[in-house]
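>>> Generate a structure from the sequence data that follows.
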Amino acid sequence: MLEKSFITDCEGPLTLNDNAFEMCAHFIENGDELFKILSLYDDYLADVVKKEGYKVGNTLKFILPFFVLENLKNQDLIDFSKNNIYAIRDSKFLLKYLKEAMNSYIVSTSYGQYIEALSNYMEFPFENTYYTKVDIDSLSLNDEESAKVAEYKNQILDNPEDYELFDEIFFKEIPKMGIYEKIKEIDVVGGLGKKLAIDDIIEKDHIDVNEMLYIGDSITDVEPLQFARKNNGISISFNGNEYPLKVAEIAIVSPSAVATAVIANVYADNDRNKVLQFINDYNSQDDLKELFDEYKIKEEITLKFFEVFDDEDYPIIKIINEDNYNEILKESVYMRNNIRGEDIGGLG
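Below is the predicted model:
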């Protein structure tokens with residue numbers, strides 16, 4: 001058993017996708033707008049209302065009745081996911097290195113159908129992944145319920161900021177339907193759900209809590225990033241929005257996952273303090289090739305890094321503080337929107 005664990009979110013640090021958003025846009029008329037509205041509502045419930053017992057990422061449950069309305073089946077989710085994987089540059093390279101260097105896991109809010117397709121594509125062990133399990137074949141609506149869900153969709157699109165209406169729909173009306181018995185059992189792996197996945201990994205790997213690295217990019221990563229940081233692990237925001245940047249210790253802003261591989265390499269062979277020392281040196285030393293030699297960065301990672309980046313265009317790898325937070329946020333959101341598109345980049 002290896003000594004440390006590397007735990008990464010999927011969408012953001014590894015892929016450009018927001019699979020659920022993309023499926024809504026593909027299968028549902030005006031589904032892109034519907035998803036964006038419900039994603040903001042999800043953020044509102046988690047971040048503003050702080051609804052008791054609420055797991056951020058519930059957008060994935062909110063949209064299920066609308067998928068069922070379109071007669072979607074598990075095979076539709078599988079086929080769409082297989083045919084629409086857009087990887088962050090060099091993420092396959094990162095995961096190949098990690099499999100040798102550390103116990104490695106993907107902890108994602110995404111549906112299992114997408115994570116299985118992604119695991120096959122990345123040649124990553126599916127058994128080392130955590131995800132939201134949904135059996136859409138088991139969900140159904142009768143004719144009366146279908147008519148109501150169609151009406152709810154129109155109401156949501158027509159009243160995108162009426163959160164009292166949304167409360168009525170999702171916490172009073174849909175719970176009266178037969179479909180809700182199955183939906184309420186779905187355990188969304190977001191926020192607290194990701195933290196519970198980490199608890200499981202720590203127990204499975206018999207590691208101390210300070211022997212883990214967690215990397216994420218969105219509101220669903222806040223709890224695991226806080227946990228890693230509080231327990232002297234490594235906490236990284238990768239092209240993150242304001243949510244992970246507020247709680248992570250380290251920011252990476254990069255079009256390529258090779259920047260993550262560099263930090264993972266330093267961490268695999270050393271402790272947290274050495275990683276922070278490397279980052280300080282990275283930002284103060286002129287000759288990065290000399291620095292990589294000094295820290296014994298693996299040759300294949302060094303070669304890949306300098307193949308991707310030239311002297312003028314190195315990625316941002318910084319320890320976040322009050323003085324640099326706003327500048328990092330600006331650069332991070334720009335990179336996020338630039339490589340993932342503003343629709344996906346703008347989601348919480």
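
>>> what about the strands in the stretch 201-348 of the chain?
212-216, 234-238, 250-253, 316-319 (DSSP state E, counting those that start in this stretch).

>>> what about the third one, average pLDDT?
In this case it means strand 250-253. Here strand 250-253 scores 98 as its mean pLDDT.

>>> now do the second one
Per-residue pLDDT values over strand 234-238 give a mean of 98.

>>> That one pairs with which strands, and in what direction?
strand 212-216 (parallel), strand 250-253 (parallel) (DSSP bridges).

>>> Tell me the gap between that strand and the middle of its chain.
Chain-centre distance of strand 234-238: 12 Å, with C-alpha atoms, centre = their mean, to the nearest Å.

>>> And the third one, by the same measure?
Remark: strand 250-253 is offset 15 Å from the chain centroid, using C-alpha atoms, centre = their mean.

>>> re the thing from before, most tightly packed of the strands paired with strand 234-238?
Comparing the strands paired with strand 234-238 on average neighbours per residue, with mean count of other C-beta atoms under 10 Å, the densest one is strand 212-216 at a mean of 28. For glycine as for every other residue, the C-beta is placed from the backbone atoms N, C-alpha and C.

>>> hmm, who's touching it?
4-9, 12-13, 102, 194, 198, 201-202, 221, 224-225, 227-228, 231, 233-238, 240, 244, 248, 252, 260, 263-264, 267 (C-beta atoms under 8 Å, 6 or more residues apart in numbering).

>>> one more time with 7 Å
Residues outside strand 212-216 that contact it (C-beta atoms under 7 Å, 6 or more residues apart in numbering) are 4-9, 12-13, 224-225, 228, 233-238, 240, 244, 260, 264, 267.

>>> so of those, which ones are in helices?
224-225, 228, 244, 260, 264, 267 (DSSP state H).

>>> could I get the strands of the stretch 201-348 of the chain as TSV with distance to residue 134?
Listed next are the strands of the stretch 201-348 of the chain as TSV, based on distance: least, C-beta to C-beta, whole Å:
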stretch	distance to residue 134
strand 212-216	21
strand 234-238	26
strand 250-253	31
strand 316-319	36
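
>>> Out of the ones you listed, which gets nearest to residue 85?
Smallest distance to residue 85 across the strands of the stretch 201-348 of the chain (C-beta to C-beta): 17.8 Å, for strand 234-238.

>>> Could I have the CA atoms of the closest one written out in PDB?
The C-alpha trace of strand 234-238 is given here as PDB (Å, rounded to 0.1, in the frame of the first residue of the first chain):
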ATOM      1  CA  ILE A 234      -2.800  19.500   0.500                       C
ATOM      2  CA  SER A 235      -5.800  21.500  -0.700                       C
ATOM      3  CA  ILE A 236      -5.800  22.700  -4.300                       C
ATOM      4  CA  SER A 237      -8.200  24.800  -6.400                       C
ATOM      5  CA  PHE A 238      -7.700  24.000 -10.100                       C
END
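
>>> can you pull the buried residues of stretch 236-256?
Across stretch 236-256, burial judged by 16 or more other C-beta atoms under 10 Å covers 236-241, 243-245, 247-256.

>>> That one spans what distance, first to last residue?
15 Å (C-alpha to C-alpha, to the nearest Å).

>>> what residues does that stretch touch?
Against stretch 236-256 from outside (C-beta under 7 Å, 6+ apart): 12-13, 89-90, 213, 215-219, 221-222, 225-226, 229, 234-235, 259-260, 263, 279, 308, 315-320, 325, 328-329, 331-333, 335-336, 339, 348.
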